[in-house]
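S.K.: No sequence on hand, only this structure:
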């Protein structure tokens, strides 16, 4: 009976050692996966920061483009007014000769 109990204990011990090995292997796999996910998360955060910086740069460029567009429109209005004045004075002056 003692031998039978020892055999049973040996069998249980072997099963527990096998389960322990399996759990350690699984734990290592989970650590590896965790590290991979942390690395991926860091990459995503970096990309997000880069996108925010590019967005700010684009906002600056859009502002500059708006300013240039307003300047062009203002110059266009000034040119239209100058042409209108020239046409009006030409019409009033009887179509005098052009200055050389």
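M.R.: Done, it's in. In this text the structure is predicted, and so the values were computed from the model without any measurement. Residues are numbered from 1 along each chain as shown.
S.K.: Give me the helices and strands touching the host helix or strand of residue 42, please.
M.R.: Take DSSP states H and E as the rule and residue 42 turns out to sit in helix 2-92. If contacts are counted by 3 or more Cβ pairs under 8 Å, 6 or more residues apart in numbering; DSSP states H and E, helix 2-92 sits against no helix or strand. Quick note: C-beta positions are derived from backbone N, CA and C, even for glycine.
S.K.: what about that helix, average pLDDT?
M.R.: In this model, helix 2-92 has an average pLDDT of 96.
S.K.: contacting residues for the most centrally placed residue in the chain?
M.R.: With distances taken as Cα atoms, centre = their mean, the residue of the chain nearest its centroid is residue 51 (2.5 Å). For residue 51, no contacting residues are found, by Cβ atoms under 8 Å, 6 or more residues apart in numbering.
S.K.: Look up how far residue 45 lies from it.
M.R.: 11 Å (Cβ to Cβ, to the nearest Å).
S.K.: now do residue 90
M.R.: For residue 90 relative to residue 45 (Cβ to Cβ), the value is 67 Å.
S.K.: Residue 23 too?
M.R.: Taken as Cβ to Cβ, the span from residue 23 to residue 45 is 32 Å.
S.K.: Could you do residue 39 as well?
M.R.: On the measure of Cβ to Cβ, residue 39 and residue 45 end up 11 Å apart.
S.K.: Okay, residue 14 and residue 72: tell me how far apart.
M.R.: Distance of residue 14 to residue 72, computed by Cβ to Cβ: 85 Å.
S.K.: again with residue 8
M.R.: Going from residue 8 to residue 72 by Cβ to Cβ gives 93 Å.
S.K.: do the same with residue 1
M.R.: Residue 1 is 104 Å from residue 72, where distance means Cβ to Cβ.
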